[in-house]
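> Sequence first, predicted model second:
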Amino acid sequence: MMFGLLDCNNFFVSCQRLFEPRWEGKPVVVLSNNDGCIIARSNEAKALGLPMGAPVHEWAKMMKREGVKAFSCNFELYADVSSRVMRVARAHVPRLEVYSVDEAFLDLRGVPPAVLVEDMRNLRAAIAQGVGIPVCIGIAPSKVLAKAANHVAKKNPHYAGIYLLHDRAAQDAVLEALPLKEVWGLGRKLSVKLEIDGLAHAKALRDSDAGQMRRRYNVMMERLIYELRGIPCRDLEPDADDKRVIQASRSFGQRIFDLSELKEAVAMYVTRAASQMRREKLLAQGILVYVRTSVHGPQHTFYAGSHMVGLPAPSGDTRVLINAAHSCLNEIYKQGPAYYKAGIHLLELVSEGSFQPSLLHDGDSVQSRALMGVMDRLDQTFGKYTVRLASTGLEQRWQVKHEMRSPRYSTQWKELLTVR
């Protein structure tokens with residue numbers, strides 16, 4: 001059995017360069033919500049010493065001096081480009097697991113090792129031609145080793161973006177050079193603890209006594225060791241059909257004090273999540289709402305609250321979900337705090353055709369489903385949120401700051417790329 005790990009190179013930056021190729025070969029960074037921190041860097045920006053997560057205001061002078069181009073995050077664009085990458089990948093492999101917006105595990109079982117590298121070169125070329133995003137692919141007998149192989153494919157130009165980590169000698173060399181903090185599934189705290197215990201690298205962890213490590217830590221550690229030995233303990237996860245939660249959250253562009261503005265923001269987040277849920281033909285049976293202030297505020301003023309309610313029947317109606325969300329907000333809102341962030345989770349999702357109506361509640365009416373369908377078709381035709389409920393507000397002063405955001409080239413009609 002063989003796994004592949006497909007990883008898009010500097011994905012957010014690559015998405016920006018896809019539509020603005022003049023920034024190829026130049027230092028580029030992408031900023032977090034409200035343009036606060038650096039969340040993605042080109043190789044050129046990394047070479048300048050710009051650290052991941054760095055506050056922009058601390059590096060502004062250096063970025064200006066070195067000509068670093070900064071983009072506000074454009075998650076709508078990134079999600080669309082990601083879906084295109086995954087669509088091409090699905091056409092080349094029997095099964096894949098979308099692990100994150102820029103990563104996917106590939107099912108390569110049954111493919112002879114002699115042709116694996118060539119097949120993955122073809123996939124890489126198809127993504128480059130069909131989407132325009134550079135990717136690297138690591139191939140190995142387990143998911144943990146595939147992540148390690150991908151690390152080599154990215155760092156060593158000799159392999160041209162594809163690396164097969166198959167034989168024992170190659171695994172020894174790669175794992176001996178791989179720090180514990182880079183091992184998929186360990187985490188920073190646990191890697192530090194292992195280093196204190198005398199394990200210097202991934203090879204040392206692989207060669208440790210799996211049974212003893214299980215007794216000292218847990219069964220997950222034992223499985224990780226077997227994965228490092230090339231014995232797969234983690235198969236591909238089920239596809240999105242089994243999704244149980246859809247969430248939407250943002251930090252605000254400015255602090256919110258009033259309940260009315262909080263309700264606007266939460267209504268907008270529900271609108272966004274409900275639209276995604278209907279695209280996947282799901283219904284929600286509950287909703288959770290949370291709010292919080294900033295951890296960097298005055299001492300002893302931090303506040304975080306959350307509340308969850310169940311729905312009488314599974315629903316995909318944005319109006320029903322917003323009413324439920326507002327009832328949650330009424331339970332957790334406190335007057336006085338400066339709210340920094342809010343979010344919602346649509347819970348216990350079920351397929352539209354799989355739930356059992358009750359005697360008291362039949363679920364969404366025919367008229368409700370028709371209305372939601374019209375709203376979704378208008379959004380698909382004219383751009384997201386062309387039609388939305390008044391409860392989402394008009395001015396939306398709380399919206400995230402994105403003063404340097406590029407156009408949403410592939411999802412908004414008004415922002416299509418203009419060719420002169």
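Everything's here; your move.

> helices or strands up against the lengthiest helix in the chain?
In the chain, taking DSSP state H as the definition, the longest helix is helix 259-279. Secondary-structure packing of helix 259-279 (3 or more Cβ pairs under 8 Å, 6 or more residues apart in numbering; DSSP states H and E): strand 246-256, strand 282-293, helix 318-332, strand 339-347, helix 366-382. C-beta here means a position set from N, CA and C on the backbone, and glycine is covered the same way.

> what ranges do the strands span in the chain?
Ranges of strands in the chain, per DSSP state E, are 3-8, 28-31, 38-41, 69-72, 96-100, 103-107, 135-140, 162-164, 246-256, 282-293, 304-315, 339-347, 350-351.

> Between those, which one is closest to Phe382.
strand 246-256 (21.2 Å; Cβ to Cβ).

> hmm, back to that, which one of the helices and strands packed on helix 259-279 lies nearest to Val400?
Closest among the helices and strands packed on helix 259-279, once you apply Cβ to Cβ, is strand 246-256, at 5.2 Å.

> Quick one: mean pLDDT over the closest one.
Averaging pLDDT along strand 246-256 yields 89.

> Just the CA atoms from it would do, formatted as CSV, please.
In CSV, the C-alpha atoms belonging to strand 246-256 read as follows (Å, rounded to 0.1, in the frame of the first residue of the first chain):
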residue,chain,number,x,y,z
ILE,A,246,-19.8,23.6,9.3
GLN,A,247,-18.4,26.7,11.0
ALA,A,248,-17.9,30.4,10.2
SER,A,249,-16.1,33.0,12.3
ARG,A,250,-14.1,36.2,11.9
SER,A,251,-12.4,38.7,14.1
PHE,A,252,-14.0,42.2,13.7
GLY,A,253,-12.5,45.1,11.8
GLN,A,254,-13.3,47.2,14.9
ARG,A,255,-14.4,46.3,18.4
ILE,A,256,-18.1,45.8,18.9
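
> From what I see, Ala338 and His296 are in contact.
No - judged on Cβ atoms under 8 Å, Ala338 makes no contact with His296 at a distance of 11.1 Å.

> and the two? which has more neighbours close in?
Ala338 (15 against 7; other Cβ atoms under 10 Å).

> Show the pLDDT at that one.
Ala338 is assigned 91 on the pLDDT scale.

> Find the nearest non-adjacent residue to it, please.
Arg255 (3.8 Å; Cβ to Cβ, 6 or more residues apart in numbering).

> Would you mind listing the residues in contact with that neighbour?
Counting by Cβ atoms under 8 Å, 6 or more residues apart in numbering, Arg255 makes contact with 294, 338-340.
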